[in-house]
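Participant: structure of the sequence below:
(3 chains)
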Amino acid sequence: MIKIKNNFDLNSTITCGQIFRYLKRDDEFIVILKDRVISLKEDKDYIEIRSNDENNLEEIVNDYFDLNRDYEEIKNDIVKRDSKMKEAIEFSKGLKMIHQDPFETIISYVISQNNRVPSIANSLNLIAKDHGKKVLFEGYEYYLFPSYDELKNLSVSDYRNYKVGFRDKYLYEIVKSINDSKLDINKIYDMKSEDALDYLMTFKGVGPKVASCILLFAYQKFDVYPTDTWVKKFMKDDYNIEGEASIRKYTKSVYGKYSGLAIQYMFNFKRNKKKI
DNA sequence: TGCCAGGCCTTCC
DNA sequence: GGAAGGCATGGC
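Facilitator: Numbering: from 1, shown residues only, chains lettered A, B, ... in the order given. This is a model prediction of the structure:
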């Protein structure tokens, strides 16, 4: 067990729609990372973290929850560029950008298109249960998300059985492309965002929104613009800006290198404000 | 029942 | 290069 300082908002970071494979059990969150399962529990001043594998746990947690980054600088920068963002950023105080595994992120966000969060999570869990490694942790069974190698023998109809609907052929092709080295997911780390977007979008089932989410959540490229239905609503209601092109132009010129984060704050604010 | 979901593809013009 | 329609599935 390790303790880290309670300097981020555990609940909103985990539940704001960045990740799909987590669960809440009593007062603890269970999150399934690439190679282990971790439990996080909030205390007064600390977050207690346990795992089935505690090797390098602190380092892994710092990386996953992006705890070494200076978010104050980012938030100040965004507010300086657009004072209207103040309320959204205040609301999202303590929100971190989770640093996810690229392969799982690609699969997750291809499934996410025109879909709902519970359904996305269901499909990912079905895939993991059949093909991922089983982990026993404190009396419960969990399944890690499989690697692309572990999915290489799946057919299109196998994916259909995991309730992904019309996205079955996209997943099949993408997994095949990675296994055939046509899609090099490691190369993307070193690419500029614009080039990485073009590269990802050459694969069917990956459009601007999905590609942006992949770059934002797996590759920590924060200068992307995942304009979805919520952001469109936000821009229309508060800025009177409509249309994908106009929104992109606005976010690019105003928010600059942190536009992806600005959008994430907008999204969190717009989507969750009504729940309070 | 009918509508829609953190879109994207295809088929038109 | 842009608009319109279709798309599996499940929840309300």
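
Participant: how deep is A:I98 tucked in, by neighbour count?
Facilitator: By the criterion of other CB atoms under 10 Å, A:I98 has 20 neighbours. C-beta: built from backbone N, CA, C; applies to glycine.

Participant: what is the neighbour count of the nearest residue to it once chain neighbours are set aside?
Facilitator: Spatial nearest neighbour of A:I98, chain neighbours left out: A:Q18 (4.8 Å); criterion: CB to CB, 6 or more residues apart in numbering. For A:Q18, the neighbour count with other CB under 10 Å is 23.

Participant: now the residue in chain A positioned nearest to DNA strand C: how far from A:N11?
Facilitator: With CB to the nearest atom of the strand as the measure, A:G165 is the residue of chain A nearest to DNA strand C, at 2.9 Å. Distance check for A:G165 against A:N11: by CB to CB, to the nearest Å, it reads 30 Å.

Participant: sorry, back to before: need the contact list for the residue of chain A closest to DNA strand C.
Facilitator: Contact analysis of A:G165 by CB atoms under 8 Å, 6 or more residues apart in numbering lists A:N115.

Participant: name whatever forms a beta bridge with the nearest residue to A:S51 once chain neighbours are set aside.
Facilitator: Leaving aside its sequence neighbours, A:S51 sits nearest to A:I38 (CB to CB, 6+ apart; 4.4 Å). Beta-bridge partners recorded for A:I38 (DSSP bridges): A:V31, A:S51.

Participant: before we move on, what about the one 4 residues further on?
Facilitator: In this entry, A:E42 is beta-bridged to A:I47, by DSSP bridges.

Participant: that one: neighbour count?
Facilitator: 15.

Participant: test my guess that it contacts A:D9.
Facilitator: No: look at A:E42 against A:D9 with CB atoms under 8 Å: they stay out of range, at 9.6 Å.
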